[in-house]
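A.B. asks: sequence below, structure please.
(one chain, ligands or ions: 1)
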Amino acid sequence: MSNETLANLLHEDRSFPPDPAFTAQANGTAALYAAADADYEGFWADQARTYVTWSKPFTQVLDWSNAPFAKWFADGELNAAYNCVDRHVEAGRGDKVALHWIGEPGDTRDVTYADLHREVQLAANALTDLGLGKGDTVAIYLPMIPEAVVAMLACARIGVPHSVVFGGFSAEALNTRIADAQAKVVITADGGWRRGTPSALKPAVDAALDHADTSVQKVLVVRRTGQDVAWNDARDVWWHDAMAAASPTHVAQGMEAEHPLFILYTSGTTGKPKGIFHTTGGYLTQAAYTNAVVHDVHPDRDVYWCTADIGWVTGHSYIVYGPLALGATQVLYEGTPDTPHQGRFWEIVQQNKVTILYTAPTAIRTFMKWGSDIPAKFDLSSIRVLGSVGEPINPEAWMWYRDVIGGGSAPIVDTWWQTETGGIMISPLPGVTSLKPGSAQRPIPGIGAEVVDDMGDPVPNGHGGYLVLTKPWPAMLRGLWGDPARYVETYWSRWPQYYFAGDGAKKDDEGNIWLLGRVDDVMNVSGHRLSTTEIESALVSHPKVAESAVVGANDEMTGQAVVAFVILRAGASHADDDNTGIVEELRNHVAKEIGPIAKPKRILIVPELPKTRSGKIMRRLLRDVAEGRQVGDATTLADTSVMDLIKTGLSSGSDD
Ligand code: PRX
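C.D. replies: Okay, here's the model as predicted:
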C-alpha cells in the first residue's frame, strides 16, 4: 500500500483533552513551545542548565558551522556518571532507591543511589586497572541486571564510550560490532534468565573472540546464573574479583561536552550495521529534559518503568541516562512478560506501585490478545502516565492501553524517535496536548519536524510524504563511527537542509503527524529495527542458497514480519518434498548469523525473483504475495511470467 493510500484510510475524530488536575502538576507546559519558538538556542541552554550539572559551564550553545556535524555546548565540561549518581548522593538522596531490580526467577534487589555510587566508583577503578582510558571502547553484552547499568555508567565516568550489544544477538553479530568499534574489553555474564531457564551469554563472546586479530584484550564476566563457563585465564576476569580488588573511591573528571558517550549499532539499508555515536552534553540534556516533560517523571514521587532492554536506544536514554540524571526511582526487570505467567507485568506494577509505564505497541497488542481479564486481576490504580515507543500504535491498541491499563484516564504519550535522534522528538506532552489515538502528534518544544514531498516542500494538512527534522537538536547523532561520509550520504543528501528520518508520515487536517512506517529497506518487527539487506546477506551466506529477497509484510501482532523468498542453488538437496527441512535450516541459519529476532517468519522457496530490466528486485510485488493480495502492476518486469511461477510454487512455502 502506498503512503498516500494508507494516509487516506486514517481518520480519527476522537480527542482526549488533558485533565486539569494532571495539568496542574505536569512538568510540561504550553509555555515551553512559545519559549522554544522565541529563542531556540536560549531554550536549549536553559534545559542544559536545568537538567545537567556542568563542571565547567558552557558559553556556546549550538555550533552548526560545519553542518551536518553539530556541536552543542562545546566549551562546557561535565561527567555523565556524576550527573546520574554522585550529585544525588551529595544532595542527601543516597538512600533513595534508584533501581527496584526484579530478576526473572523472582529474586529482587533494591539498589539505592548510594549503592550505585559505591559500585560505579569501584567499576570505574576496575576498568582503569584493566588499562582502559580515553580513546578506548568497551562492548557490553549483558542481561537486564544492575551490573549492566553500573557498567555503562563506569564507562561514562572514565570517558570510554560503550557499545552495548543486545543479549539476543548472535556471536557473529557481536563479532561484527566488536570489530567495528575495536573494543578492548567486553563486559558480559555467564548468562541471564529467559522464559524460566538460564540462557548462556559467555559462549557467544568466546565464539566472537575466536579470531586471531581480535581487538579484545580482557573479558569481564558477571556471575548471574551460576552455569559452567569455559575459562581463558589469560583473558577472562570475574567481575566480582575485579570489583573486590579495585580501590573504592573514584573522583569523576569533567569531559568535554562533545566527548563520545556511546556507540550503538542499528540496522540501515545496507547489510552492514551502522555505529550511531552520541556525545555527552547535548545527549544527556535531551534525555533528562524529555523524561521530565514527556513521561512527566517527578523523582520525589514516581515509580517509573521502561520495559525496553538496555541493548536498544530506549534503554540507554530512558532507563539509564534520562531517569538517573533526574534522580528517579525505577523498576528494572530481567525477564519476559509471560514468565512465569501472563500477568507478570501487572503483578510488577501492583507490587511496586508503578506510576509511569513505557512500553512498545507490540507488547500492548500481545496483552490485548491474552485478554483484559489478566490485567483486571491486579491493582493498576497507581498508573498515571502511559508511554508507547518503537512503531506506530494502532488506535484500537491505544484505546485498550488507556482503558484497561490506564483506568480510562491515564494520558498516553506516543513517542516517535530513533537510535539516531538519541531522545524523543515527536510526542504529545501530557497535561498540555489533547490526545489523538494513533498519532504522535507534534514535535516537542525545541524540535523542528515536517512532512515533505519529493521536492522537499512541506505538504499541506491532509497529505502524506516523508518525515524530516528541520533543525539540529542536542541529542542528535554526531555521525557513524568511523564513517563520516556514510553519515552525510544516509541522512543529509536527499534534501541537504533536512535530516531524512527514513519514515513516511502524514499530516491530518489539524496538522498532527501520523507515522506510517519506513520508506526504505528497513523493517520494524516488534519494534526492532531489521534490515532486509542484512537478512538477505545472511541467507545467501548459506551454501544451499543462490539468491534471496526479504520483505516486511504487515503482521497483526508484530507490526511487520520477515518474509523471505529464496532461490536454492541447483542441486541443493532437500529430501522432503514440501521443503520443511530446508526452510527450518535456513531460519536457524539466520538466527545464528544475526540473532533469533531476525528469523524469518516465513521462507518461500521460489524458482525466480521478480526483477526489472535493470535487475532490481521488485519488492512491492513480493510484498503483495507475502500479504496475500492480488499482485499489483507487473508490467515493468523483465519477464512477466515470473509472478505466475512464484505463485504456483507457493504451495512449497512454510508457514509457522
Ligand atoms: O520507523 C520509526 C519507528 O522506529 C524507527 C526507529 O527505530 P530505532 O532506531 O530502533 O529506535 C526505536 C526506539 C526509539 C523509526 O524510524 N518508530 C519509533 N517510534 C515510533 C516509530 N514509528 C511510529 N511511531 C512511533 N512512536
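A.B. asks: quick one: the strands in the stretch 101-250 of the chain?
C.D. replies: Ranges of strands within the stretch 101-250 of the chain are 108-112, 138-141, 162-164, 185-189, 191-194, 197-200, 218-222, 236-238, based on DSSP state E, counting those that start in this stretch.
A.B. asks: need the residues of this structure near the ligand, please.
C.D. replies: Proximity of the chain to the ligand (CB under 6 Å from any ligand atom) is limited to residues 266, 313-314, 389-392, 414-419, 440, 501-503, 515, 518, 524, 529. Quick note: C-beta positions are derived from backbone N, CA and C, even for glycine.
A.B. asks: can you tell me which of the residues you listed are buried?
C.D. replies: Taking 16 or more other CB atoms under 10 Å as the criterion, what is buried in these is 266, 313-314, 389-392, 414-419, 440, 501-503, 515, 518, 524, 529.
A.B. asks: so which of these are in helices?
C.D. replies: Cross-referencing those against helices under DSSP state H gives 313, 314.
A.B. asks: related to what we said a few turns ago, can I get the strands of the stretch 101-250 of the chain in a markdown table with distance to residue 510?
C.D. replies: Conversion of the strands of the stretch 101-250 of the chain to a markdown table gives the following (distance: least, CB to CB, whole Å):
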| stretch | distance to residue 510 |
| --- | --- |
| strand 108-112 | 44 |
| strand 138-141 | 43 |
| strand 162-164 | 39 |
| strand 185-189 | 48 |
| strand 191-194 | 44 |
| strand 197-200 | 47 |
| strand 218-222 | 50 |
| strand 236-238 | 58 |
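A.B. asks: reformat those strands into CSV and put mean neighbour count next to each item.
C.D. replies: Written out in CSV, the entries for those read as follows (neighbours: other CB atoms under 10 Å):
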stretch, mean neighbour count
strand 108-112, 14
strand 138-141, 26
strand 162-164, 26
strand 185-189, 27
strand 191-194, 21
strand 197-200, 14
strand 218-222, 23
strand 236-238, 17
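A.B. asks: and the ones you listed: which comes nearest residue 66?
C.D. replies: For residue 66, the closest of the strands of the stretch 101-250 of the chain is strand 162-164, at 24.9 Å, according to CB to CB.
A.B. asks: now the residue in the stretch 351-500 of the chain positioned nearest to the ligand: how far from residue 265?
C.D. replies: Here the residue of the stretch 351-500 of the chain nearest the ligand is residue 419; by CB to the nearest ligand atom that distance is 3.4 Å. Taking CB to CB, to the nearest Å as the measure, residue 419 falls 9 Å from residue 265.
A.B. asks: any shared contact partners between those two?
C.D. replies: Jointly contacting residue 419 and residue 265 under the rule CB atoms under 8 Å, 6 or more residues apart in numbering are residue 276.
A.B. asks: circling back: to residue 41, which of the strands of the stretch 101-250 of the chain lies closest?
C.D. replies: Residue 41 sits nearest to strand 162-164 of all the strands of the stretch 101-250 of the chain, at 29.5 Å, using CB to CB.
A.B. asks: other SSEs contacting the closest one?
C.D. replies: Strand 162-164 is packed against strand 138-141, helix 146-157, helix 171-181, strand 260-266, with contacts defined by 3 or more CB pairs under 8 Å, 6 or more residues apart in numbering; DSSP states H and E.
A.B. asks: contacts for that strand?
C.D. replies: Judged by CB under 8 Å, 6+ apart, the contacts made with strand 162-164 from elsewhere in the structure are 137-142, 148, 151-152, 155-156, 177-178, 181, 183, 262-265, 275, 310-311, 315-316.
A.B. asks: before we move on, the earlier item: export the strands of the stretch 101-250 of the chain to TSV and tack on mean pLDDT?
C.D. replies: Below are the strands of the stretch 101-250 of the chain laid out as TSV (pLDDT from 0 to 100):
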stretch	mean pLDDT
strand 108-112	98
strand 138-141	98
strand 162-164	98
strand 185-189	98
strand 191-194	95
strand 197-200	94
strand 218-222	98
strand 236-238	98
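A.B. asks: quick one: which of these is nearest residue 555?
C.D. replies: Go through the strands of the stretch 101-250 of the chain one by one with CB to CB and the one that ends up closest to residue 555 is strand 191-194, at 22.6 Å.
A.B. asks: so which residues make contact with that closest one?
C.D. replies: 103-105, 142-145, 167, 198-202, 224-225, 227, 334-336, 339.
A.B. asks: centre of the chain to it, how far?
C.D. replies: For strand 191-194, the distance from its own C-alpha centre to the chain's C-alpha centre is 20 Å (CA atoms, centre = their mean, to the nearest Å).
A.B. asks: now the longest helix belonging to the chain against strand 218-222, angle please.
C.D. replies: With residue count as the measure and DSSP H as the assignment, the chain has helix 113-129 as its longest helix. On the basis of axes from the mean of the first three to the mean of the last three CA atoms, to 10 degrees, helix 113-129 is oriented at 150 degrees to strand 218-222.
A.B. asks: what comes up buried for helix 113-129?
C.D. replies: 113-128.
A.B. asks: and it with strand 185-189, angle?
C.D. replies: Using the same axes, to 10 degrees, the interaxial angle of helix 113-129 with respect to strand 185-189 works out to 140 degrees.
A.B. asks: for the helix or strand hosting residue 282, packing partners?
C.D. replies: Element membership for residue 282, per DSSP states H and E: helix 281-293. For helix 281-293, the contact count by 3+ CB pairs under 8 Å, 6+ apart identifies helix 40-51, strand 71-72, helix 322-326 as packing neighbours.
A.B. asks: and the helices in the stretch 551-656 of the chain?
C.D. replies: Using DSSP state H, counting those that start in this stretch, the helices found in the stretch 551-656 of the chain span residues 580-593, 619-626, 642-649.
A.B. asks: for the stretch 201-350 of the chain, same thing?
C.D. replies: Taking DSSP H, counting those that start in this stretch as the criterion, the stretch 201-350 of the chain carries its helices at 202-208, 239-245, 281-293, 313-315, 322-326, 344-352.
A.B. asks: could I get those as TSV with mean pLDDT?
C.D. replies: Supplementary listing: these in TSV, determined by pLDDT from 0 to 100:
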stretch	mean pLDDT
helix 202-208	97
helix 239-245	98
helix 281-293	99
helix 313-315	98
helix 322-326	98
helix 344-352	98
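A.B. asks: residues touching residue 208, list them.
C.D. replies: Residues in contact with residue 208, defined by CB under 8 Å, 6+ apart, are 171, 172, 174, 175, 178, 186, 214.
A.B. asks: redo that, cut-off 7 Å
C.D. replies: With contacts defined as CB atoms under 7 Å, 6 or more residues apart in numbering, the neighbours of residue 208 are 171, 174, 175, 178.
A.B. asks: now, which of those sits nearest residue 59?
C.D. replies: Nearest to residue 59, judged by CB to CB, of those is residue 178 at 38.6 Å.
A.B. asks: what sits opposite the closest residue in space to that closest one that isn't next to it in sequence in the beta ladder?
C.D. replies: With CB to CB, 6 or more residues apart in numbering as the criterion, residue 178 has its nearest non-adjacent residue at 5.1 Å, and that residue is residue 139. Using DSSP bridges, the beta-bridge partners of residue 139 come out as residue 163, residue 186.
A.B. asks: quick one: low-confidence parts of this protein?
C.D. replies: In the predicted model, the chain carries pLDDT under 70 at residues 1-11, 573-577, 648-656.
A.B. asks: pull the number of nearby residues for the residue nearest to residue 179 when sequence neighbours are not counted.
C.D. replies: Closest residue in space to residue 179, ignoring its immediate chain neighbours: residue 215 at 6.9 Å, by CB to CB, 6+ apart. Residue neighbour count, defined by other CB atoms under 10 Å, stands at 18 for residue 215.
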